[in-house]
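K.L.:
after the sequence you'll find the predicted model.
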Amino acid sequence: MNVDLATALLEKYGSPLYVYDGDRLRDTIRHITQSVPYPHTQFRFASVTNGNVALLQIFRSIGWGLHANTPGDIYLGLQAGFSPDQIVYSGSNLDRSEMEQVLNWGITTLNLDSLAQLELLCDVYQTVGRTAPQPPILGEPDNLHLGFRLNLPELTGDSRIGVRPEEFPAAVTIAAAAGLKITGLHFYRGTGTNATQAFTQVIDKVLETASLLPDWQYLDFGGGFGYPYKHGGVAFDWEWFGRELTDRFEKQTKKINLVIEPGRAAIAGCATLLAKVISVKWQDEIQVVGVDTTVANLSVPSVHGGYREIEVLTTQDSITHPTNVCGNTTYSRDYLGKNCQLPALKIGDIIAILDVGAYGYAMSSHFLHRPRPPEVLLENGTDRLIRHREDYSVLLNHQIFAPSI
Ligand SMILES: Cc1ncc(COP(=O)(O)O)c(C=O)c1O
């Protein structure tokens with residue numbers, strides 16, 4: 001982002017500020033979509049990475065559906081205008097009331113995590129089928145696309161999620177008792193992988209495993225596709241992946257529907273967190289820069305071991321120094337960047353923390369009791385506020401004062 005735009009945005013909306021580039025987001029969505037020529041493909045954006053409704057609406061306008069990890073994802077997706085059949089639920093550990101809620105919302109594709117969840121679904125399906133006011137799926141078992149998240153250590157690694165192939169026959173029996181079929185398999189390769197071959201090498205085994213299900217109709221190839229946070233580093237190769245997938249799916253003897261749920265790969269790169277420098281000090285050769293944001297606004301880098309490029313917008317000095325960019329709290333992990341190479345900074349300089357579209361705002365919190373920044377969307381040369389800045393009153397939300405102290 002250029003300095004004039006950043007300065008204007010900070011003047012208008014204050015600092016710190018999440019800024020999304022809608023045009024770039026659309027380009028990325030189109031690029032991913034066009035990389036998979038297999039005709040029976042549906043993309044479902046994994047909104048665990050970002051639940052801003054204005055952004056979800058961009059995905060919807062380009063023809064993607066939504067992948068929901070939780071009922072909250074479904075709720076936001078419905079608010080953003082997705083129809084229930086555009087939402088795939090692939091989550092874990094719903095209790096009975098949540099399972100009822102998911103079916104009452106009319107969700108038609110569910111990838112479950114365990115036989116216990118299948119038993120619950122079957123039970124709830126039969127109850128909700130009798131009572132739901134608007135049961136779009138119910139009474140029509142063929143409209144319900146029921147699958148499993150796969151657990152196969154050679155493919156999915158050491159994961160708590162999913163069902164093993166040896167459990168498939170029992171699953172088929174449980175579903176059949178409720179008049180249902182297991183028609184899908186969901187495969188999740190692992191989070192944030194830029195090594196494309198880690199996906200292409202396992203396609204055959206995933207297909208072979210899915211074909212163990214007698215009524216198999218769809219494969220959900222999950223998420224986990226990486227984003228090159230280290231600029232110039234290895235990037236996930238969507239064209240290669242798409243060609244390999246298409247090749248294998250076209251060789252199947254029956255038509256198999258393909259679902260793909262990118263999260264960070266779609267949205268990480270379109271966002272920047274702008275912040276201002278508040279103080280600068282030197283500890284030997286290290287420049288210690290304090291900024292007006294915190295890891296509670298962007299928890300990924302220091303709390304979860306991630307990395308984000310940081311640019312200084314207000315100085316072009318090519319001489320750089322080892323720099324720690326620190327948040328505006330004393331929390332020991334409040335670093336937005338450690339050991340960065342940045343020019344000598346001064347109070348008021350503007351920094352841009354790049355690629356914060358995924359797991360950025362979505363993982364921000366009120367830890368450290370700093371209200372969260374606003375979010376702004378840039379599109380067609382205009383800017384639009386898509387979430388208000390919080391004030392201190394949010395810190396009291398749902399708190400109850402003792403009556404007489
Ligand atoms: C089932 C499923 N699909 C997709 C995603 C998105 O993952 P990523 O952002 O790594 O693509 C997740 C993340 O938790 C997930 O659980």
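P.N.:
Right, received. Where do you want to start? Since the model is a prediction, treat every value here as computed from it, not as a measurement. Residues are numbered from 1 along each chain as shown.
K.L.:
residue numbers of the stretch 201-350 of the chain in contact with the ligand?
P.N.:
Neighbours of the ligand within the stretch 201-350 of the chain, by Cβ under 6 Å from any ligand atom: Gly222, Gly223, Gly224, Phe225, Glu261, Pro262, Gly263, Arg264, Ala265. All C-beta spots, glycine's among them, are computed from the backbone N, C-alpha and C.
K.L.:
keeping just the C-alphas, turn stretch 393-405 into PDB.
P.N.:
C-alpha atoms of stretch 393-405 as PDB (Å, rounded to 0.1, in the frame of the first residue of the first chain):
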ATOM      1  CA  SER A 393     -17.600  -0.500  26.600                       C
ATOM      2  CA  VAL A 394     -17.000  -3.900  24.900                       C
ATOM      3  CA  LEU A 395     -14.900  -4.800  27.900                       C
ATOM      4  CA  LEU A 396     -18.100  -4.800  30.000                       C
ATOM      5  CA  ASN A 397     -20.100  -6.900  27.600                       C
ATOM      6  CA  HIS A 398     -22.100  -9.500  29.500                       C
ATOM      7  CA  GLN A 399     -20.400  -8.600  32.800                       C
ATOM      8  CA  ILE A 400     -22.700  -8.300  35.900                       C
ATOM      9  CA  PHE A 401     -21.900  -5.800  38.500                       C
ATOM     10  CA  ALA A 402     -22.300  -7.000  42.100                       C
ATOM     11  CA  PRO A 403     -25.500  -5.400  43.300                       C
ATOM     12  CA  SER A 404     -24.300  -3.600  46.500                       C
ATOM     13  CA  ILE A 405     -20.500  -3.000  46.400                       C
END
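K.L.:
tell me the one of the residues of the stretch 201-350 of the chain next to the ligand nearest Asp4?
P.N.:
Checking those against Asp4 with Cβ to Cβ, the nearest one is Arg264 at 29.1 Å.
K.L.:
pull the distance from stretch 174-183 to the chain's centre.
P.N.:
Taking Cα atoms, centre = their mean, to the nearest Å, one finds stretch 174-183 lying 30 Å from the centre of the chain it belongs to.
K.L.:
distance check, the nearest residue to Ile286 once chain neighbours are set aside against Leu378.
P.N.:
The shortest distance from Ile286 to any non-neighbouring residue, by Cβ to Cβ, 6 or more residues apart in numbering, is to Pro322 (5.4 Å). Counting by Cβ to Cβ, to the nearest Å, the gap from Pro322 to Leu378 is 32 Å.
K.L.:
more neighbours, these two?
P.N.:
Leu378 (20 against 13; other Cβ atoms under 10 Å).
K.L.:
residues contacting the more buried one?
P.N.:
Contacts here follow Cβ atoms under 8 Å, 6 or more residues apart in numbering; on that basis Leu378 touches Val19, Tyr20, Asp21, Gly22, Asp23, Arg384.
K.L.:
rewinding a little: can I get the residues of the stretch 201-350 of the chain next to the ligand in CSV with distance to Ser159, neighbour count and pLDDT?
P.N.:
Output for these, formatted as CSV (distance: Cβ to Cβ, whole Å; neighbours: other Cβ atoms under 10 Å; pLDDT from 0 to 100):
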residue, distance to Ser159, neighbour count, pLDDT
Gly222, 11, 26, 85
Gly223, 13, 26, 87
Gly224, 11, 22, 91
Phe225, 17, 26, 95
Glu261, 16, 29, 97
Pro262, 19, 27, 97
Gly263, 16, 27, 96
Arg264, 18, 25, 96
Ala265, 20, 26, 97
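K.L.:
one step back: for the helix or strand hosting the residue nearest to Ile286, buried residues please.
P.N.:
In the assignment (DSSP states H and E), Pro322 maps to strand 320-326. Residues of strand 320-326 classed as buried by neighbour count (16 or more other Cβ atoms under 10 Å): His321, Thr323, Asn324, Val325, Cys326.
K.L.:
do the same with stretch 7-15
P.N.:
The neighbour-count check on stretch 7-15 (16+ other Cβ under 10 Å) flags Leu9, Leu10, Tyr13, Ser15 as buried.
K.L.:
with pLDDT as added columns, please give those in a markdown table.
P.N.:
A markdown table is the format used below for these (pLDDT from 0 to 100):
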| residue | pLDDT |
| --- | --- |
| Leu9 | 98 |
| Leu10 | 98 |
| Tyr13 | 98 |
| Ser15 | 98 |
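K.L.:
any idea how far apart the tips of stretch 97-112 sit?
P.N.:
The straight-line separation of the ends of stretch 97-112 (Cα to Cα, to the nearest Å) is 16 Å.
K.L.:
same check, this time on stretch 201-217
P.N.:
Using Cα to Cα, the distance between the terminal residues of stretch 201-217 is 22 Å.
K.L.:
state the mean pLDDT of it.
P.N.:
Taken as a whole, stretch 201-217 has an average pLDDT of 96.
K.L.:
please enumerate the strands of the stretch 101-250 of the chain.
P.N.:
Using DSSP state E, counting those that start in this stretch, the strands of the stretch 101-250 of the chain run over 109-112, 145-149, 184-186, 218-220.
K.L.:
Pro403 is nearest to which of those?
P.N.:
strand 109-112 (44.9 Å).
K.L.:
which elements pack onto the closest one?
P.N.:
strand 87-89, helix 115-131, strand 145-149, strand 184-186 (3 or more Cβ pairs under 8 Å, 6 or more residues apart in numbering; DSSP states H and E).
K.L.:
okay, these, which one's buried deepest?
P.N.:
Per residue and on average, the most neighbours among the helices and strands packed on strand 109-112 fall to strand 184-186, with a mean of 28 (mean count of other Cβ atoms under 10 Å).
K.L.:
hmm, which helix or strand of this protein has the shakiest average pLDDT?
P.N.:
helix 300-303 (a mean of 74; mean pLDDT, DSSP states H and E).
K.L.:
which strands and helices lie in contact with it?
P.N.:
Counting by 3+ Cβ pairs under 8 Å, 6+ apart, helix 300-303 packs on strand 335-343.
K.L.:
quick one: neighbours of Asn380, just the number.
P.N.:
6.
K.L.:
wait, doesn't it sit right on Asp23?
P.N.:
Yes. In terms of Cβ atoms under 8 Å, Asn380 counts as a neighbour of Asp23; the distance is 7.2 Å.
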